[in-house]
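[1] Everything below, folded, please.
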Amino acid sequence: QVQLVESGGGLVQPGGSLRLSCVASGRTFVGYGMGWFRQVPGKEREFVAVIVSSGITTYYADSVKGRFTISRDNVKNTVYLQMNSLKPEDTAVYYCARRRLGSASYRHPSYYDYWGQGTQVTVSS
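    Take a look at the predicted model:
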């Protein structure tokens, strides 16, 4: 069974930083792209960032480009999302997800097959 467990969310002031972590169980990590999404109540789940299996290539939503950084440690089976210069509009539940092998794209949730339970990020003064 694949398990993804996020951590690192919390309350932070505008302009602050947080680092989210997502630990994957077993042999379910190496060889797969990993993504981060976020969701606020009443809205669809929104793509944030994705990293390929090797960690060499990353893609970001325009709304977070230059502020967020996705990375991974294939020894620790962990993917990270470093979030800097946070804004109130970044407030959401953040989810990590495993990208399906052979997926043609990466921006839509349907291209991911396993999801974590989510971690709340609140940006407020």
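[2] low pLDDT regions in the protein?
    26-27 (pLDDT under 70).
[3] ok, the most centrally placed residue in the chain - contacts?
    Centroid-nearest residue in the chain, with C-alpha atoms, centre = their mean: Trp36, separated by 2.1 Å. When contacts are counted by C-beta atoms under 8 Å, 6 or more residues apart in numbering, Trp36 touches Leu20, Cys22, Val48, Ala49, Val50, Ile70, Val79, Leu81, Tyr94, Tyr95, Cys96, Ala97. The way it works is simple: take the backbone N, C-alpha and C, and place the C-beta from them, glycine included.
[4] ok, now with 6 Å
    Val48, Ala49, Leu81, Cys96 (C-beta atoms under 6 Å, 6 or more residues apart in numbering).
[5] mind listing the strands for the protein?
    4-7, 10-12, 18-24, 34-39, 46-51, 58-60, 68-73, 78-83, 92-99, 112-115, 119-123 (DSSP state E).
[6] Please identify, among the contacts of Trp36, the one with the most neighbours.
    Counting neighbours by other C-beta atoms under 10 Å, Cys96 leads the contacts of Trp36 with 30 neighbours.
[7] Fine, thanks again, bye for now.
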